[in-house]
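Trainee: A structural model of the following input is requested.
(2 chains)
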Amino acid sequence: MTALPPGHVRSRWLLLAVLLGACAALVVWAVHAGVPGALLDGWRAVWTEIGTGTSDLG
Amino acid sequence: MPAIVVIVVGGLALVVYAWACLLALVWVAFPGSYLLGVAGLLLGAGLAVVLAGRVFLGHGPRPGSPVVVAPASTGDPGWPGYFTAQVYRDLRASAAWTARLVYRAWAVAIDQSFGRFGAHTLWAWPLLLPLLVLLFAVTAGATAGALFATALTALVTVLAVGGGLATALVLRAADRLWQRVFHAAASCPRPGCYHVTRLPAYRCPGCDRLHRDLRPGRLGVLWRHCGCGATLPTTVLRAGRALETVCQKCESALHSDAALATDVRIPVFGAPMAGKTRFIMAGLVGLSARPGIRIAPADPESGRAFAEYEATIGGGDSTAQTGKALPSAVTLRVAGGRRTALLHVFDAAGERFTERSQNEELAYLDHARGLVFVLDPFSIPEVRARLRGLAGPGGVPVGAALYDPDESYQVTVRRLRDYGVDLRRQRLAFVVSKADLLLAGPAGADLALPGPPPPGRSPGGGAGRSRAGDPVSAAIRSWLDDAGLDNLLLAAGRDFAEVRYFLVSSMTADPNGDVAATAPLDWLLSAEPVPTGAAP
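Mentor: Numbers count the residues shown, from 1 in each chain, chains lettered A, B, ... in the order given. You can find the predicted model right below:
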């Protein structure tokens, strides 16, 4: 491990916790906002477009 | 004929290729681009966040790892706080790491396609489209992820630095407030140094190196980590209780509560043989005899000096002449109730006050809030003239000062002015010494001190129970004026913020006598938050 100045480890853990917390919050928000569903809808629309020549999304 | 076959076959191949391209575009490139685009964005963002996380976890050293800060190479040998230095290096390292991986992804993709097949790769252009989308998506996702991590880190850094700054300001203000209220400072008692500061240096208990500015700041708000790894408290208030205090200038050890306790410096000046040393002896021994306060020497050297004072005054011995070397302060720790003060008294040989060049090194004169000028009444020319011809007890005593009183005052005041000392903020205790001899002979016959004091007050010029408009002080001044010292009195009144006159006998250490040597000290200390045990 790199030799860390005393006390810096705590600050880095704090930053890591904030980063992971923010990522988790972002994922939760995305799920609540329906992003995965929208992506699936988009995928289906593309596939339908390819298969039938028409799009679900108009 | 063969040419027609070639053309037909070529045309058919072209049609087949075009058809294959169309099929690949529709069935592979479009859906593939959608899938790889979404996946690439998530992959890139995740990559940036994971790499930032790995940097914060302190992964092992490798090319591109953050450069770990070192203890400050200039100033104090402490580690800089994480949010003042290391965080920027960590961010730079994680961003560079992410960029390097994205660049490598592009390089591998190009190498595996154009690098291996050259321009032939272009024949598979419909299949290149999803790859291109993937690479762009990864790049965009990584950029967004890196920006996200940077923004979060910046937010935490701003909060940490802002909070630290506010805390540091509060702690620094607390230090200053304490020192202002209690008149605390750190005085170096060493001869030739006499440095006075509100911010002494502190020695690290781990490596003995000096920390010259332990105030909260870039190297730590509540605590600081020395280069050796030792944890030191910041602020003078906390460091002074835990660490060895050291003079900023000469690096010698200071008293344990320097810069915390009330610090009073009292220089005593006057002509040779004026009675300065005897006055200091009687004054300090007298103070130590007061009930209600505890006085103890603050260091071994002061302890030796104080023991000598007690022996000399207690035994009624004569005072040895002060050596011409630069004086050390005699420092006493005065405690009463919950208050503690360091009282530094400086006594230099009178010869150092007879010539301007001789007092050049007496820097302690510049740092006092109150000074004592000792005048031998038998050095006043008119008094000497009056006593001329008288022998025995009524005449000029043996060992009287000979130097001109005016000059012995002016030489010191000139030095103070030359060094920019604002005398209008200082008080002067004007001590007329040898009261026992003066009052016993004809010279003091016309010194009319006010009559018996009201109950509870001591009489006479002693006892510094002298107050504003004190009749005792006025009587002594009047006597000096009559003795022809009008110029000196005018100069003293003009130079200093306040002058009080005392008649003192230093033969005994009676702390409450009429002409006690404690009186001028009481008066000077009355302006400081120092317990003296004197009658209110």
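
Trainee: state the pLDDT value of residue 34.
Mentor: No chain specified, so I'll use chain A. With respect to pLDDT, residue A:34 has a value of 95.

Trainee: you looked at the wrong chain, it should be chain B
Mentor: Looking at residue B:34, its pLDDT reads 92.

Trainee: that one touches residue A:43, doesn't it?
Mentor: Yes: counting by C-beta atoms under 8 Å, residue B:34 does reach residue A:43; the two are 6.3 Å apart. Heads up, the C-betas are built off the backbone N, CA and C, glycines and all.

Trainee: neighbour count: those two, which is higher?
Mentor: residue B:34 (18 against 14; other C-beta atoms under 10 Å in any protein chain shown).

Trainee: leaving out chain neighbours, which residue sits closest to the more buried one?
Mentor: Excluding the flanking residues, the one nearest residue B:34 by C-beta to C-beta, 6 or more residues apart in numbering or on different chains is residue A:46, at 5.2 Å.

Trainee: what about that neighbour, which SS state?
Mentor: Put simply, residue A:46 is helix when judged by DSSP: H, G, I helix; E, B strand; the rest coil.

Trainee: which stretches of the chain form helices?
Mentor: As the question left the chain open, I've gone with chain A. With DSSP state H, the ranges of helices along chain A come out as A:8-33, A:35-52.

Trainee: meant chain B, my bad for not saying
Mentor: Assigned by DSSP H, chain B shows helices spanning B:2-24, B:30-57, B:86-110, B:116-117, B:125-182, B:236-242, B:276-288, B:300-315, B:381-387, B:405-418, B:435-440, B:471-482, B:486-495, B:518-525.

Trainee: circling back to that earlier point, worst average pLDDT in the helices of chain A?
Mentor: Looking at the helices of chain A, the weakest mean confidence is helix A:35-52, a mean of 88.

Trainee: which elements pack onto that helix?
Mentor: The contact analysis (3 or more C-beta pairs under 8 Å, 6 or more residues apart in numbering or on different chains; DSSP states H and E) places helix A:35-52 against helix B:30-57.

Trainee: chain center to the helix it packs on: distance?
Mentor: In terms of C-alpha atoms, centre = their mean, to the nearest Å, the centre of helix B:30-57 is set 52 Å apart from its chain centre.

Trainee: same for it, what does it pack against?
Mentor: When contacts are defined as 3+ C-beta pairs under 8 Å, 6+ apart, helix B:30-57 sits against helix A:8-33, helix A:35-52, helix B:86-110, helix B:125-182.

Trainee: out of those, nearest to residue B:271?
Mentor: helix B:125-182 (35.0 Å; C-beta to C-beta).

Trainee: what about that closest one, distance to the chain center?
Mentor: Worked out by C-alpha atoms, centre = their mean, helix B:125-182 lies 33 Å from the chain centre.

Trainee: so that helix versus helix A:8-33, what angle?
Mentor: Angle between the axes of helix B:125-182 and helix A:8-33 is 130 degrees (criterion: axes from the mean of the first three to the mean of the last three C-alpha atoms, to 10 degrees).

Trainee: helix B:125-182 close to chain A?
Mentor: Yes: Helix B:125-182 is in contact with chain A by C-beta under 8 Å from any C-beta of the partner chain, via B:148, B:149, B:152, B:153, B:156, B:160.

Trainee: check stretch B:97-110 too.
Mentor: No: Stretch B:97-110 lies out of reach of chain A by C-beta under 8 Å from any C-beta, never closer than 13.5 Å.

Trainee: next one: that stretch to chain centre, how far?
Mentor: The answer for stretch B:97-110 is 53 Å, by C-alpha atoms, centre = their mean.

Trainee: and that stretch, which residues are buried?
Mentor: Across stretch B:97-110, burial judged by 16 or more other C-beta atoms under 10 Å in any protein chain shown covers B:97, B:98, B:99, B:101, B:102, B:105, B:109.

Trainee: reformat the residues you listed as TSV; add pLDDT.
Mentor: Shown next, in TSV, are the buried residues of stretch B:97-110 (pLDDT from 0 to 100):
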residue	pLDDT
B:97	92
B:98	94
B:99	95
B:101	95
B:102	96
B:105	95
B:109	93
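
Trainee: and which of those is nearest to residue B:475?
Mentor: Among the buried residues of stretch B:97-110, and counting by C-beta to C-beta, the member closest to residue B:475 is residue B:97, at 86.6 Å.

Trainee: and the spatially closest residue to residue B:354 that is not a sequence neighbour, how close does it get to residue B:486?
Mentor: Nearest residue to residue B:354, sequence neighbours excluded (C-beta to C-beta, 6+ apart): residue B:403, at 5.7 Å. According to C-beta to C-beta, to the nearest Å, residue B:403 and residue B:486 sit 19 Å apart.

Trainee: those two: who's more crowded?
Mentor: Counted by other C-beta under 10 Å, residue B:403 and residue B:486 do not tie: residue B:403 has more neighbours, with 19 against 11.

Trainee: surely the more buried one is in contact with residue B:352?
Mentor: No: in this structure residue B:403 lies outside contact range of residue B:352 using C-beta under 8 Å: 11.8 Å.

Trainee: quick one: contacts for the residue nearest to residue B:354?
Mentor: Neighbouring residues of residue B:403 by C-beta atoms under 8 Å, 6 or more residues apart in numbering or on different chains: B:271, B:272, B:273, B:274, B:350, B:354, B:379.

Trainee: try residue B:487
Mentor: residue B:406.

Trainee: spell out which parts of chain B neighbour chain A.
Mentor: B:26-27, B:30-31, B:34-35, B:38, B:49, B:52-53, B:56-61, B:65-66, B:68-69, B:71, B:79-83, B:86-87, B:90, B:148-149, B:152-153, B:156, B:160, B:220, B:223, B:225, B:229, B:231.

Trainee: what do you get if the cut-off is 6 Å, keeping everything else the same?
Mentor: For chain B, the residues in contact with chain A (C-beta under 6 Å from any C-beta of the partner chain) are B:26, B:31, B:34, B:38, B:49, B:53, B:56, B:58, B:60-61, B:68, B:79, B:82, B:86, B:152-153, B:156, B:225, B:229.

Trainee: closest to the centroid, which residue in chain B?
Mentor: Against the mean C-alpha coordinate of chain B, by C-alpha atoms, centre = their mean, the closest residue is residue B:199 at 1.1 Å.

Trainee: any idea how far the residue sitting nearest the centre point of chain A lies from chain B?
Mentor: A centroid search over chain A (C-alpha atoms, centre = their mean) returns residue A:27, at 4.9 Å, as the residue closest to the centre. Distance of residue A:27 to chain B, computed by C-beta to the nearest C-beta, to the nearest Å: 10 Å.

Trainee: distance of that residue from residue B:45?
Mentor: Per C-beta to C-beta, residue A:27 is found 11 Å from residue B:45.

Trainee: what of residue B:153?
Mentor: Residue B:153 sits 16 Å away from residue B:45, going by C-beta to C-beta.

Trainee: okay, the two: which has more neighbours?
Mentor: Shown here are residue B:153 and residue B:45; by other C-beta under 10 Å, residue B:45 has more neighbours (24 against 21).
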